[in-house]
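I'll drop the sequence and a predicted model, then ask my questions.
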Amino acid sequence: MCGHRTPIQLAVTLGGFVCLLGMTLSSHPAPDGIDGMVLDWIDHHRLAWVTSAMAALTIAFGPIWVTGWTALAAAVLFTVDRTVVRPATVVLGVALAGAGWEIAKVTVARPRPPAGQQLSAIETGLSYPSGHVTGTTALVMTLAVVVTAQVRAPWVRRVVIAVATAVATLSAITRLYLGMHWASDVVAGMALGVAVATLAPPVVKNSLRQLEPRLPAGLRNRVR
């Protein structure tokens, strides 16, 4: 997932991309180029049955459901591991994503696509980046990282990461198809989600390593 970069380097690179793109959009808020082209193309190629499916799917990728999926994943990981390492990593990844997208939204203050091009419920909140996409990407990518950390077979890691990427991409497609976001919003959301997914594991590992000596002996095996 990280190629030849360290997790920190990859997270900084992706975070920098999100910030730079956000600064550009903040200076030029009117959609043009690829953003306008993508939304116009989608607007002319919608089908009723696809719209129904996308409307249902996007709910599962929303912040409320992502919070629930995160809690469930953390509970399952703790039950299996009996340590807080992997559960804490997943929770931190999603929490960082939530903080990141809220800060970016307020900072960039980009309007949503026009209400006339939105389907399902009309959303009027700030647009950049997509919270649905950021949260979903952070959750599935962090899970992909933690569940394959000890897997030796490279093909298994590739398959798991491919599945996580497909889920994140599907969440982005639902937001684009329903007209809730511009293309650059979902691209930034995926980049931010991957950034926190790569950042969370080393942060949790280093934090728990520092915390371990201060814990009672009976609790130390819970942070290993």
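Arrived safely. Numbers count the residues shown, from 1 in each chain.

gap between the lengthiest helix in the chain and the chain center?
For the chain, the longest helix by residue count, based on DSSP state H, is helix 183-211. Centroid displacement of helix 183-211 relative to its chain, using C-alpha atoms, centre = their mean, to the nearest Å, is 9 Å.

okay, Gly125 and Gly33: tell me how far apart.
Spatial separation of Gly125 from Gly33 under the definition C-beta to C-beta, to the nearest Å is 23 Å. Quick note: C-beta positions are derived from backbone N, CA and C, even for glycine.

do the same with Ala55
Using C-beta to C-beta, Ala55 is found at 27 Å from Gly33.

what about the helices in this protein?
Going by DSSP H, the chain shows helices at 7-27, 34-43, 48-60, 63-81, 85-108, 131-147, 154-177, 183-211.

can I get those helices in TSV with mean pLDDT, mean neighbour count and distance to Gln118?
What follows is the helices of the chain, written out as TSV (pLDDT from 0 to 100; neighbours: other C-beta atoms under 10 Å; distance: least, C-beta to C-beta, whole Å):
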stretch	mean pLDDT	mean neighbour count	distance to Gln118
helix 7-27	91	16	19
helix 34-43	91	15	10
helix 48-60	93	14	11
helix 63-81	95	16	18
helix 85-108	95	21	17
helix 131-147	97	28	14
helix 154-177	96	18	10
helix 183-211	92	22	13
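
Throw the ones you listed into TSV and include distance to Ala121, thanks.
Written out in TSV, the entries for these read as follows (distance: least, C-beta to C-beta, whole Å):
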stretch	distance to Ala121
helix 7-27	24
helix 34-43	17
helix 48-60	9
helix 63-81	14
helix 85-108	18
helix 131-147	13
helix 154-177	13
helix 183-211	17
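
which of those sits closest to Leu119?
Shortest distance between Leu119 and the helices of the chain, using C-beta to C-beta, is found for helix 48-60: 5.7 Å.

quick check: angle from the closest one to helix 63-81?
Direction vectors for helix 48-60 and helix 63-81, defined by axes from the mean of the first three to the mean of the last three C-alpha atoms, to 10 degrees, enclose an angle of 60 degrees.

now for helix 48-60, which elements pack on it?
Contact analysis of helix 48-60 by 3 or more C-beta pairs under 8 Å, 6 or more residues apart in numbering; DSSP states H and E lists helix 154-177 as its packing neighbours.

which residues does the helix it packs on contact?
The contact list for helix 154-177, computed with C-beta atoms under 8 Å, 6 or more residues apart in numbering, reads 1, 38-39, 42, 46, 50-51, 54, 57-58, 61, 119, 130, 132-133, 136-137, 140-141, 143-144, 147-148, 151, 181, 183, 185-187, 189-190, 193.

can you give the distance of that helix from its chain's centre?
Its chain's C-alpha centre and that of helix 154-177 lie 11 Å apart, by C-alpha atoms, centre = their mean.
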